[in-house]
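Engineer: Fold the following.
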Amino acid sequence: MKQNLFILLFLLIISIPLFGQKKLEVLFLGNSYTYVNDLPALIAQIALSKGDTLVHDQNTPGGYTFQGHSIDATSLSKINARSWDYVVLQEQSQMPAFPPSQVATDVYPYADSLNKYIKRNDSCTNTLFFMTWGRQNGDASNCASYPPICTYEGMQASLRQSYMTMTQTLNAVVAPVGVVWKKVRNQGDSILLYNADESHPSLAGSYLAACTFYATMFHKSPIGSSYYAGLNPATALHLQQYAAQVVFDSLALWQIDTLTAHAAFSMNANQNNVTITNTSLNADAYYWDFGDGQTYSGNTTSHTYATTGTFTVKLVAYRGCTSSTVSHTIGITSVGIENAVYAPMSLMQYPSPANDFIIFGTSEIKKSFIYTLYNIEGLEVMQGRSVLGNEISVGMLPNGMFYYVLNIDGDVFKGRFSIVR
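Structural biologist: All right, here's what the predicted structure looks like:
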């Protein structure tokens, strides 16, 4: 079973897009569930071990609620202190598990108020809810008034429902710590996640939360972090694996992917004309750089190269305040119609290079023909009828490389010439 889990996780990890080093600035507003074992510092150490940086601040007085934070001068001033990447909101541990009618009155309005305040400071800041966990044996102090929370399972289900409602309603992100916590318990793992009070996290519990937050915020797997926070390395690895599996198995559910653009595209070349298929996710604006000095803004496109060579095509996809960049290279070995069958040596073209006129054939052969001339991008620039050996005026064409198609008595000849003045 463990071997199958390892294989699943390996396949999962290699399918996740790889990102470079990141630096995030995050504010934590919560209570003792956040400050016990210094959760923000644990996340920062995991990030550092993976080559990333977390700049963080917090206001986490014991027992604080969303309502308390919504009127707390310290919390509000910290929100306004800078343009945060995330502001993490963690409600008092029991309140989101209470009856839905009570949660609708005592929790949701203040989550909404904080979210609006966050967005007023910087519309690009993501509100990130900290989904907490059910108490080890349920909420005994409130069991009589609301039986569903008498057990861990019932309390956890209520917490999940409330946090998911807030996340979806406010177009926010959620760190599914409670869901990862439940997975560890369901696996029958011997890792002790609770403190002696059966409510607050042990060091392992906080480390599990830190791994979940790292995956949620940085969009990277915590697996392989060399920071163990004093835990047994095997235990730390198990917790890393649980967090990665839950977060990356349901990115859209936690709304991690839905708010972030991911650039992707494929290309198909036909000589010098490249058809591009945009397969980006969650993007609403695009910028293309074709590597030859030409750019384009739009969804799906095609591009014609004027010269041969190797070009790097870059796409930047945007959604709101987020952007994602991806590049692919393509080799152009021919342009225009130059891969066509060339005219035989007996069909002369002169002068070479041409200037204000060009002659096809010789003065001895006087056959009429139809000609079509193309520029280097394969676009038609001239068409007409002439006689072999007669001058064709090209004085209106600029200097450069051109291609011709001649129809002589039903036989088609193709080739290229240049104009130099």
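
Engineer: burial measure for residue 68, as a count.
Structural biologist: 16 (other CB atoms under 10 Å). Every residue, glycine included, has its C-beta placed from N, CA and C.

Engineer: swap in the one 10 residues further on?
Structural biologist: Neighbours of residue 78 under the rule other CB under 10 Å: 19.

Engineer: Now for it: which residues touch it?
Structural biologist: If a contact means CB atoms under 8 Å, 6 or more residues apart in numbering, then residue 78 has 27, 29, 57, 59 as its contacts.

Engineer: ditto for residue 409
Structural biologist: Here residue 409 is in contact with 367, 369 (CB under 8 Å, 6+ apart).

Engineer: and if you look at residue 87?
Structural biologist: Counted by CB under 8 Å, 6+ apart, residue 87 has contacts 26, 27, 29, 79, 114, 118, 125, 126, 127, 128.

Engineer: same thing but at 7 Å, please
Structural biologist: Residue 87 makes contact with 27, 29, 79, 118, 125, 127, 128 under the criterion CB atoms under 7 Å, 6 or more residues apart in numbering.

Engineer: With adjacent residues omitted, what lies nearest to the residue nearest the centre of the chain?
Structural biologist: Nearest to the geometric centre of the chain sits residue 262, at 2.8 Å (CA atoms, centre = their mean). Spatial nearest neighbour of residue 262, excluding adjacent residues (CB to CB, 6 or more residues apart in numbering): residue 281 at 4.4 Å.

Engineer: I'd say the one you found and residue 263 touch.
Structural biologist: No: contact criterion CB atoms under 7 Å: residue 281 and residue 263 do not qualify, at 8.5 Å.

Engineer: neighbours around residue 24, how many?
Structural biologist: Residue 24 sits with 19 neighbouring residues when counted by other CB under 10 Å.

Engineer: I figured it was touching residue 43, is that so?
Structural biologist: No: proximity of residue 24 to residue 43 does not meet the contact threshold set by CB under 7 Å, at 9.5 Å.

Engineer: any shared contact partners between these two?
Structural biologist: residue 54.

Engineer: Using PDB, write out every CA atom in the strand or helix carrying residue 247.
Structural biologist: Secondary structure from DSSP states H and E places residue 247 in helix 233-249. Listed next in PDB are the C-alpha coordinates belonging to helix 233-249 (Å, rounded to 0.1, in the frame of the first residue of the first chain):
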ATOM      1  CA  PRO A 233      12.900  12.800   9.100                       C
ATOM      2  CA  ALA A 234      10.600   9.800   8.200                       C
ATOM      3  CA  THR A 235       7.700  11.500  10.100                       C
ATOM      4  CA  ALA A 236       8.300  14.800   8.300                       C
ATOM      5  CA  LEU A 237       8.400  13.100   4.900                       C
ATOM      6  CA  HIS A 238       5.000  11.400   5.600                       C
ATOM      7  CA  LEU A 239       3.500  14.800   6.500                       C
ATOM      8  CA  GLN A 240       5.000  16.400   3.400                       C
ATOM      9  CA  GLN A 241       3.500  13.600   1.300                       C
ATOM     10  CA  TYR A 242       0.000  13.900   2.800                       C
ATOM     11  CA  ALA A 243      -0.100  17.700   2.300                       C
ATOM     12  CA  ALA A 244       1.100  17.400  -1.300                       C
ATOM     13  CA  GLN A 245      -1.400  14.700  -2.200                       C
ATOM     14  CA  VAL A 246      -4.500  16.600  -0.800                       C
ATOM     15  CA  VAL A 247      -3.500  20.000  -2.200                       C
ATOM     16  CA  PHE A 248      -2.500  19.000  -5.700                       C
ATOM     17  CA  ASP A 249      -5.200  16.400  -6.100                       C
END
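
Engineer: Please name every helix or strand in contact with it.
Structural biologist: The criterion is 3 or more CB pairs under 7 Å, 6 or more residues apart in numbering; DSSP states H and E, and the helices and strands that helix 233-249 contacts are helix 2-14, helix 177-186, helix 203-218.

Engineer: Which positions within the next helix or strand after that helix qualify as buried?
Structural biologist: Scanning forward in sequence from helix 233-249 by DSSP H and E, the next helix or strand is strand 265-270. For strand 265-270, burial by neighbour count (16 or more other CB atoms under 10 Å) applies to 265, 269.

Engineer: Show me what strand 265-270 pairs with in its sheet, parallel or antiparallel.
Structural biologist: Note on strand 265-270: by DSSP bridges, its sheet partners are strand 273-278 (antiparallel).

Engineer: and residue 285, bridged to which residues?
Structural biologist: Bridge pairing for residue 285 - DSSP bridges - gives residue 318.

Engineer: How many residues are close by it?
Structural biologist: Neighbour tally, residue 285, other CB under 10 Å: 14.

Engineer: still on that earlier bit, compare residue 281 and residue 263 and say which is more crowded by neighbours.
Structural biologist: Legend: neighbour count by other CB under 10 Å for residue 281 and residue 263, higher for residue 263 (22 against 16).

Engineer: ok, so what distance separates that one from residue 52?
Structural biologist: Distance, residue 263 to residue 52, by CB to CB, to the nearest Å: 20 Å.

Engineer: go on, residue 403?
Structural biologist: In terms of CB to CB, residue 403 sits 53 Å off from residue 52.
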